[in-house]
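*Asks:* The following comprises the amino acid sequence and a computationally predicted model.
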Amino acid sequence: MEDLWPIIASVLGVALVMVAGALCRKLHWLTAQADRSLASLTANVLLPALFFDRVLTSPRLDSLADSWLPPLIGFLVTAIGFGVAALFAYGFGPAIGLVTPEQRRPFVLCVGICNYGYVPLPLAMQFFPEAEVTLIIHNVGVDLALWSLGVMIISGRLQGQWRRALLSPPLIAVVLALVLKQLGAAEWFPIPLAHAAESLGRCSIPMGLLLSGAIIVDFFKQIKWHEGKRVTGLAIVLRLLLLPLGMLAFARYAELATDMQQVLLLQAAMPAATFPIVLVRLYDQDINTALKVVLGTSVVSLLTIPLWLWAGGTWLGV
């Protein structure tokens with residue numbers, strides 16, 4: 001990736017769709033009452049349709065043996081992210097304002113997991129189309145880490161929600177598409193159903209970005225930026241500097257395929273994921289800490305995403 005401007009333009013394009021969602025919220029065209037139903041529609045219909053269409057029609061993944069490494073790496077990288085965040089939260093927590101477990105747990109959860117859906121997917125479609133399906137399958141492992149290790153972290157108990165992850169529509173869509181692909185279904189799969197999945201899938205990313213923008217603008221009203229600046233600063237250093245360096249080093253020296261290197265490059269450039277805020281609320285932990293991590297890294301990432309994609313892509317030769 002030699003040119004920086006096309007990367008900046010693409011990142012700004014994604015951000016502008018989120019800004020459109022924020023404006024829709026401000027103008028009451030996209031109400032908070034609609035969030036639950038639209039989010040459910042996106043997660044249970046539109047995204048599964050996108051995953052099903054991309055996996056089934058991909059020229060890659062001709063063997064199930066090609067499908068196990070991306071989710072394994074997704075799980076392990078996320079687990080390491082949780083571990084690094086925990087070391088800093090519990091090692092330096094009292095010095096920066098993370099005094100209670102209710103503050104440290106959201107920090108670990110939100111710093112440890114990067115945005116792995118609505119932002120990297122459109123960037124993969126534009127810059128690394130050959131890695132799009134690898135990213136989708138990689139995200140299965142991230143989901144499993146979130147609903148197992150992530151729930152254990154935020155709840156403070158040795159339990160997870162493996163069943164929810166294993167029975168999620170996106171995962172079911174990926175597994176079904178992989179099985180059908182092994183049966184040669186791409187040749188005989190009904191054309192009307194294939195067109196329907198493709199059409200629904202095209203709606204998933206724009207809808208997800210619009211919803212993300214609307215929800216983020218709501219959170220901005222709640223956050224207390226004047227308090228705990230050191231928490232936000234540490235989150236930015238970990239999520240947007242230290243963890244990306246580790247991921248890119250692994251991508252370069254682990255002798256991975258090019259598409260897997262591209263997936264790790266995209267993930268390394270991402271800010272903290274937005275969805276963990278929901279889990280923080282669900283388990284009655286400190287929402288202000290979660291908002292500082294997610295929104296702080298998201299704002300700064302408008303500058304760092306293009307830089308990481310350009311510099312990391314040059315270093316990896318992808």
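*Replies:* Good, I have the coordinates. In this text, all values refer to a predicted model and were calculated from it rather than measured experimentally.
*Asks:* Could you list the low-confidence segments of the chain?
*Replies:* 1-2, 60-66, 158-165, 224-226 (pLDDT under 70).
*Asks:* From residue 268, how far out is the residue nearest to the spatial centre of it?
*Replies:* Nearest residue to the geometric centre of the chain (C-alpha atoms, centre = their mean): residue 116, 1.7 Å. For residue 116, the distance to residue 268 equals 11 Å [C-beta to C-beta, to the nearest Å]. Any C-beta I mention is one placed from the backbone N, CA and C, and that applies to glycine too.
*Asks:* again with residue 34
*Replies:* Taking C-beta to C-beta, one finds residue 34 at 34 Å from residue 268.
*Asks:* So which of these two has more stuff around it?
*Replies:* residue 268 (25 against 15; other C-beta atoms under 10 Å).
*Asks:* Surely residue 248 is in contact with residue 268?
*Replies:* Yes: at 5.3 Å, residue 248 counts as touching residue 268 under the criterion of C-beta atoms under 8 Å.
*Asks:* tell me, what's touching these two both at once?
*Replies:* Counting by C-beta atoms under 8 Å, 6 or more residues apart in numbering, the contacts common to residue 248 and residue 268 are residue 312.
*Asks:* My guess is residue 57 contacts residue 186. True?
*Replies:* Yes: with contact defined as C-beta under 8 Å, residue 57 reaches residue 186; the gap is 6.2 Å.
*Asks:* Which stretches in the stretch 51-200 of the chain count as helices?
*Replies:* 69-96, 101-112, 120-127, 132-145, 151-155, 162-166, 169-182, 185-188, 191-220 (DSSP state H, counting those that start in this stretch).
*Asks:* export these to a markdown table and tack on distance to residue 51?
*Replies:* As requested, those are arranged in a markdown table below (distance: least, C-beta to C-beta, whole Å):
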| stretch | distance to residue 51 |
| --- | --- |
| helix 69-96 | 13 |
| helix 101-112 | 24 |
| helix 120-127 | 10 |
| helix 132-145 | 5 |
| helix 151-155 | 23 |
| helix 162-166 | 14 |
| helix 169-182 | 5 |
| helix 185-188 | 15 |
| helix 191-220 | 8 |
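*Asks:* Buried residues of stretch 272-281, list them for me.
*Replies:* 272-277, 279-280 (16 or more other C-beta atoms under 10 Å).
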